[in-house]
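1. My questions are about this predicted structure, shown below with the sequence.
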Amino acid sequence: MKASRWNRLVHRWGSILIALPAVCILLTGFVLQLKKQSSWIQPVTQRGSERDPSLPFEQILEIAKSVPEAEIQSWSDIDRLDVRPAKGIVKVRARNRWEVQLDTASGDILQVAYRRSDLIESLHDGSFFTDWVKLGIFLPTAVVLIVLWGTGVYLFFLPHLAKRKKRLQRSRSLP
């Protein structure tokens, strides 16, 4: 089988095999590119009053408990704390995807908002489904996309290479 025929076959069937996961990756990647521009995807990071964090962890938990949307009762309800000393804030991310931004000096609540970017990222990398889907479908999709890129580049340049080869043969056959 000629290389060009094999490339077309791989390109055609490879694209069919990865169609659904690739669309999921592409669409969520597109949305994630806009996360800093859209507060619907990811809440805008606020600024606190001072740069030096002085808020103790116990107080962070108590303040976060006072926000009904976050549904925080204990540390187990918190996914992570994102401390931004340069901005003077700490982001408390609840397991239910609500984010509470606190001033690290005063303890004031600067913003409470729903954070969709983590959900979109988990869809993007396949971890939303299961580890089996992430490693068994999304990872091979990435490999097949690399192969499709290579075969596509080859198929793009194939006519140019063929024309060049014919020109060289013609120029060698002329006296």
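-> Cool, the structure landed.
2. Now name the helix or strand holding residue 47.
-> Remark: residue 47 resides in no helix or strand, with elements defined by DSSP states H and E.
3. Please look at it and residue 88 and confirm they touch.
-> Yes - look at residue 47 against residue 88 with CB atoms under 8 Å: they come within range, at 6.2 Å. Yep, even glycine has a C-beta here, placed from its N, CA and C like the rest.
4. And those two? Which one has more around it.
-> With neighbours defined as other CB atoms under 10 Å, residue 47 and residue 88 compare such that residue 88 has more, 22 against 13.
5. I'd like the mean pLDDT over the lengthiest helix in the chain, please.
-> Residue-count comparison of every helix in the chain, with assignments taken from DSSP state H, identifies helix 139-173 as the longest. In this model, helix 139-173 has a mean pLDDT of 87.
6. try stretch 48-55
-> pLDDT averaged over stretch 48-55 gives 89.
7. buried stuff in the longest helix of the chain?
-> Within helix 139-173, the residues that qualify as buried are 141, 144, 145, 148, 151, 154, counting by 16 or more other CB atoms under 10 Å.
8. right, and the helix or strand after the lowest-mean-pLDDT helix or strand in the chain?
-> Ranking every helix and strand in the chain by mean pLDDT, DSSP states H and E puts helix 3-17 at the bottom, with a mean of 82. If you walk from helix 3-17 toward the C-terminus, the next helix or strand you reach (DSSP H and E) is helix 19-33.
9. just the CA coordinates of that next one, formatted as PDB?
-> The C-alpha coordinates for helix 19-33 follow below in PDB (Å, rounded to 0.1, in the frame of the first residue of the first chain):
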ATOM      1  CA  ALA A  19     -14.900  12.800  16.700                       C
ATOM      2  CA  LEU A  20     -16.900  13.000  19.900                       C
ATOM      3  CA  PRO A  21     -14.100  13.400  22.400                       C
ATOM      4  CA  ALA A  22     -12.300  15.800  20.100                       C
ATOM      5  CA  VAL A  23     -15.400  18.000  19.800                       C
ATOM      6  CA  CYS A  24     -15.600  18.000  23.600                       C
ATOM      7  CA  ILE A  25     -11.900  19.000  24.000                       C
ATOM      8  CA  LEU A  26     -12.200  21.700  21.300                       C
ATOM      9  CA  LEU A  27     -15.400  23.300  22.600                       C
ATOM     10  CA  THR A  28     -14.300  23.300  26.200                       C
ATOM     11  CA  GLY A  29     -10.800  24.600  25.200                       C
ATOM     12  CA  PHE A  30     -12.400  27.400  23.300                       C
ATOM     13  CA  VAL A  31     -14.500  28.300  26.400                       C
ATOM     14  CA  LEU A  32     -11.500  28.100  28.700                       C
ATOM     15  CA  GLN A  33      -9.600  30.500  26.500                       C
END
